[in-house]
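>>> Got a sequence here, can you model it:
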Amino acid sequence: MKINNIGPSGINPYKRQMNNPETAGTSKAKGSDKVEISSTAKELQQGSQVQAQREKKVEDIKLQVEAGTYSVNPKEVANSIYNFYFKK
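Numbering: from 1, shown residues only. Okay, here's the model as predicted:
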């Protein structure tokens, strides 16, 4: 046995809202969206002095490595590793 057309088939409840002339006019009258960026966000986009100092330090180390004059102090490296893992 086959039963067809049970319930409100073919009825779209959203179609009634779209065809309503009262709501159609109000959607066009709304203002546009705005995005405001805070002063803190603008400062973060500018980049800080720390970032400039890091870039300079990396560039200096890069030049030393290319020239073959870069040397590593093993005691400082060992202290840094120790402090990282054992001192909090």
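
>>> And for L44, the neighbour number?
11 (other C-beta atoms under 10 Å). Heads up, the C-betas are built off the backbone N, CA and C, glycines and all.

>>> Now it: which helix or strand?
Applying DSSP states H and E as the criterion places L44 in helix 39-46.

>>> Using CSV, write out the CA atom coordinates for the helix or strand just after that helix.
Tracing the chain C-terminally past helix 39-46 and defining elements by DSSP H and E, one meets helix 49-67 next. Taking Å, rounded to 0.1, in the frame of the first residue of the first chain, the C-alpha atoms of helix 49-67 are listed here in CSV:
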residue,chain,number,x,y,z
GLN,A,49,60.5,47.7,19.1
VAL,A,50,61.0,44.2,20.4
GLN,A,51,60.3,42.8,17.0
ALA,A,52,62.7,45.3,15.3
GLN,A,53,65.4,44.3,17.9
ARG,A,54,64.9,40.6,17.2
GLU,A,55,65.1,41.1,13.5
LYS,A,56,68.4,43.1,13.9
LYS,A,57,69.8,40.4,16.2
VAL,A,58,68.9,37.6,13.7
GLU,A,59,70.4,39.5,10.9
ASP,A,60,73.6,40.1,12.8
ILE,A,61,73.8,36.4,13.7
LYS,A,62,73.1,35.4,10.1
LEU,A,63,76.0,37.6,8.9
GLN,A,64,78.3,36.1,11.5
VAL,A,65,77.4,32.6,10.4
GLU,A,66,77.9,33.4,6.8
ALA,A,67,81.3,34.9,7.6
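
>>> Name the residues of the helix or strand that comes right after helix 49-67 that are buried.
Once the chain leaves helix 49-67, the next helix or strand it forms, by DSSP H and E, is helix 74-86. Within helix 74-86, no residue qualifies as buried by neighbour count (16 or more other C-beta atoms under 10 Å).

>>> Point out where this structure drops to low pLDDT.
Across the chain, the ranges flagged by pLDDT under 70 are 1-29, 48, 88.

>>> Contacts for stretch 49-68 next, please.
Under the contact criterion C-beta atoms under 8 Å, 6 or more residues apart in numbering, stretch 49-68 has outside partners Y70.
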